[in-house]
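Asks: Coordinates for the following, if possible.
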Amino acid sequence: MTASLGVNEHYTDRQRFAARACEAGFRGIRYPVRHDPAQKLYGVVLFGGSGAPARDDPDWPDGSDEPIGEELIDEAQRLFR
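Replies: Just a heads-up that it's a prediction; the model follows:
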């Protein structure tokens, strides 16, 4: 059993929805995954070109080797549970 009851298995509707969201300025979508009947897990889709961004792209990580801080981990766990 999945959470997609009543939803067809074709991806055209989902792709059209994602294209419209991207055109409207959204940079991604967070959604409940359909193979989790408890509906506690979420997936994330990020919009953008395929592949990794160019190294001179301002959104490219700075290359820092510093570990992720506990405060950021705690905030992410609080926000995405």
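Asks: how long is stretch 29-36 from one end to the other?
Replies: By C-alpha to C-alpha, to the nearest Å, the extent of stretch 29-36 from end to end equals 17 Å.
Asks: average pLDDT for that stretch?
Replies: Stretch 29-36 shows a mean pLDDT of 84.
Asks: in that stretch, what counts as buried?
Replies: Neighbour-count burial for stretch 29-36 flags I29 (criterion: 16 or more other C-beta atoms under 10 Å). Bear in mind the C-beta positions are built from the backbone N, C-alpha and C, glycine included.
Asks: Make 727 the starting number, not 1.
Replies: Understood, numbering begins at 727; the last thing we discussed is stretch 755-762.
Asks: now that stretch: how far from the chain's centre is it?
Replies: How far stretch 755-762 lies from its chain's middle: 10 Å, per C-alpha atoms, centre = their mean, to the nearest Å.
Asks: burial count for L767?
Replies: 11 (other C-beta atoms under 10 Å).
Asks: give me every residue that touches it.
Replies: P758, V759 (C-beta atoms under 8 Å, 6 or more residues apart in numbering).
Asks: pLDDT score assigned to it?
Replies: 88.
Asks: gap between it and F806?
Replies: 10 Å (C-beta to C-beta, to the nearest Å).
Asks: again with G769
Replies: Counting by C-beta to C-beta, the gap from G769 to F806 is 11 Å.
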